[in-house]
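Participant: Next come a sequence and a model predicted from it.
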Amino acid sequence: APNLVVTADNDAEKKHLATWKTGADALNAHKIPDILAVVAVNAVESDQTDAKDNVGKKEIEAGLKLFLGAFSDLKSTTSESVAAGDYVVSIGRLEGTNDHDLGKMKKTDKKISLDVAEVSHFDKDGKVDHTWRFHSGMQLPGRIGASTPLMSCVPTDTPRGAMM
């Protein structure tokens, strides 16, 4: 059965929003250790365009390094975020320049603008233990000029995704 969560605008939800914002600010500062500080040890990151989930901080860190390395000026803007129960839902945009290789895909020096929606769940300790990310799988490769789907450029044993 589906879960229905209604925002209570209580202290717990405000804390989840503040923690989520800390992670988003760390992403914009490209401070991977600060991003990982708000993530649970066995967190799961599910990006709907990835072949598999990233499980655990080690895989999430590898994905962050891969993506932030390929887009060294990457910035995230959030147009809206709301907390409801143990969830934070955000809608925003990632923008940056593909100025370094992304796995097997060579850099294109093209700018991207990628619309993103995320749902993050917080555990009892106030850490993100699961993030679900939604965006157009063709939006990114089309904008950077890739002629093949993005995930075919990344080795299958390399974690992918990793946005906060």
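Facilitator: Okay, I see it.
Participant: Every contact and neighbour count from this point should use C-alpha atoms.
Facilitator: OK.
Participant: Please go through the chain and pick out the longest helix.
Facilitator: Ranked by residue count and defined by DSSP state H, the top helix of the chain is helix 11-28.
Participant: That one - what's its average pLDDT?
Facilitator: Mean pLDDT, helix 11-28: 97.
Participant: hmm, who's touching that helix?
Facilitator: By C-alpha atoms under 8 Å, 6 or more residues apart in numbering, the residues outside helix 11-28 that reach it are 7, 32, 34-36, 38, 74-76, 81-88, 122, 126-127, 163-164.
Participant: Buried among the residues you listed? Make that a ChimeraX selection.
Facilitator: Entered in ChimeraX, the line below selects the buried ones among the contacts of helix 11-28, by 16 or more other C-alpha atoms under 10 Å:
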select :32,34,35,36,38,74,75,76,81,82,83,84,85,86,87,88,122,126,127,163,164
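Participant: Filter the contacts of helix 11-28 down to the ones in helices?
Facilitator: Among the contacts of helix 11-28, DSSP H puts 32, 34, 35, 36 in helices.
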